[in-house]
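K.L.:
Need coordinates for the following:
(one chain, ligands or ions: 3)
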Amino acid sequence: MPEDEQPQSCPRGPVDASLIPRYCGPATFARLPRLDEVDSAAVAVLGIPFDSGVSYRPGARFGPGHIRASSKLLRPYNPALDVSPFAVHQVADAGDLAVNPFDIVEALGTVQTEITRLRGAGSKVLTLGGDHTLALPILRAVAADSGPVAVLHFDAHLDTWDTYFGAPYTHGTPFRRASEEGLIDLERSMHIGIRGPLYGEQDLTADGVLGFQVIRSDDYENDGLDSVIERMRRRLAGPDGAGGPVYVSVDIDVLDPAHAPGTGTPEAGGMTSRELLNTIRALVGTDVVGADVVEVAPPYDHAELTGIAAAHVAYELLSVLAVNAR
Ligand SMILES: N=C(N)NCCCC(=O)O
Ligand SMILES: [Zn+2]
Ligand SMILES: [Zn+2]
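P.N.:
Ligands and ions are numbered 1, 2, ... in the order given. I've put the predicted structure just below:
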């Protein structure tokens, strides 16, 4: 019986690379089936082409397609977590969400509605951006049914600034707005990877009021990966150790520009992809309710360096979700 006529008793996995070469066929994430080809999905990978919130180099609107194209070499089994992330449950590519590039408020509403719809259909959502403005409408949708969530924010930047040219919704302000709207668990949230010049010392003091703990990029060098992971897990567990829902937002510029040149606001002195992937793997056992990988700007990428890094970040997040679902 052809695979596409099989009853959905087992997850439909990626296209078999031993039958159809990796470079053949339309690019879905990791060559997974489209959402409309399966009955339902435990995890939906959603592209959101949008970069109307950027403050410097544009291009993240082309990020979703670039990440999909860079994901073709991903294989079914992840030895680092001893899991086959696409065999444990159904993962599918939900395609790209069309949002208004000329009206940010309308675009944020469209994103929130779609994330709500997918979650209502039983899917956790892994979003491929698009610029970091997207984290706000996604958190609005997630917090609507999960309540305030811990935000685990990988970034070179705080993204808790107030406004740019008076505009409240930009890629530098999502977590300030989310904190103001009560979407964030202020006792369990943190930034990891912070580095680079700021607009003033007040950026750090203002950020501290919003409930984020800061792990700096240099802490990986000074304290080591294990120490960073231990601090991350302790923070996510919360003061009473009970933990709770966690939303993971990965701005690809958390990586050093040598690992991710294709991004809009690069900062020197970042972490390696190995450090980031190992940190994400340490999320096994935490209640990850959603995630995003944002700020991939293909026009500035070389040899798919950034696309490949983002695809692997997404793969490790999907692997964590699969281990947690077993
Ligand atoms: N890439 C993100 N998400 N934010 C960058 C903000 C850069 C700035 O305010 O100068
Ligand atoms: Zn950033
Ligand atoms: Zn960011």
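K.L.:
contacts and neighbour counts: CA atoms only from here.
P.N.:
Fine.
K.L.:
and Pro7, what pLDDT?
P.N.:
Pro7 carries a pLDDT value of 51.
K.L.:
can you pull the buried residues of the least confident helix or strand in the chain by mean pLDDT?
P.N.:
The weakest-scoring helix or strand in the chain, judged by mean pLDDT, DSSP states H and E, is helix 202-209 (a mean of 92). The neighbour-count criterion (16 or more other CA atoms under 10 Å) identifies Leu204, Asp207 as the buried residues of helix 202-209.
K.L.:
Same question for stretch 59-75.
P.N.:
Under the neighbour-count criterion of 16+ other CA under 10 Å, stretch 59-75 has 59-72, 74-75 buried.
K.L.:
cool, and stretch 317-326?
P.N.:
Buried, per 16+ other CA under 10 Å, within stretch 317-326: Leu317, Leu318, Ser319, Val320, Leu321, Ala322, Val323.
K.L.:
same thing with stretch 136-156?
P.N.:
Neighbour counts over stretch 136-156 (16+ other CA under 10 Å) mark 136-143, 147-156 as buried.
K.L.:
can you check stretch 232-248 too?
P.N.:
Buried residues in stretch 232-248 (16+ other CA under 10 Å): Met232, Arg233, Arg235, Leu236, Ala237, Gly238, Gly243, Gly244, Pro245, Val246, Tyr247, Val248.
K.L.:
from the buried residues of stretch 317-326, which is closest to Ser9?
P.N.:
Ala322 (17.0 Å; CA to CA).
K.L.:
Kindly report the residues of the stretch 51-200 of the chain close to ligand 1.
P.N.:
His132, His157, Asp159, His171, Gly172 (CA under 6 Å from any ligand atom).
K.L.:
before we move on, back to that, redo the buried residues of stretch 232-248 as CSV? Include pLDDT and secondary structure.
P.N.:
Converted to CSV, these look like this (pLDDT from 0 to 100; DSSP: H, G, I helix; E, B strand; the rest coil):
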residue, pLDDT, secondary structure
Met232, 98, helix
Arg233, 98, helix
Arg235, 98, helix
Leu236, 98, helix
Ala237, 98, helix
Gly238, 97, coil
Gly243, 97, coil
Gly244, 98, coil
Pro245, 98, strand
Val246, 98, strand
Tyr247, 98, strand
Val248, 99, strand
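K.L.:
for stretch 37-54, the distance to its chain's centre please.
P.N.:
In terms of CA atoms, centre = their mean, to the nearest Å, the centre of stretch 37-54 is set 11 Å apart from its chain centre.
K.L.:
got it, and stretch 203-223?
P.N.:
19 Å.
K.L.:
Could you number the chain from 491 rather than 1 from now on?
P.N.:
From this message on, residue numbering opens at 491, which makes the last subject stretch 693-713.
K.L.:
and that stretch, how far apart are its ends?
P.N.:
Using CA to CA, to the nearest Å, the end-to-end distance of stretch 693-713 comes to 24 Å.
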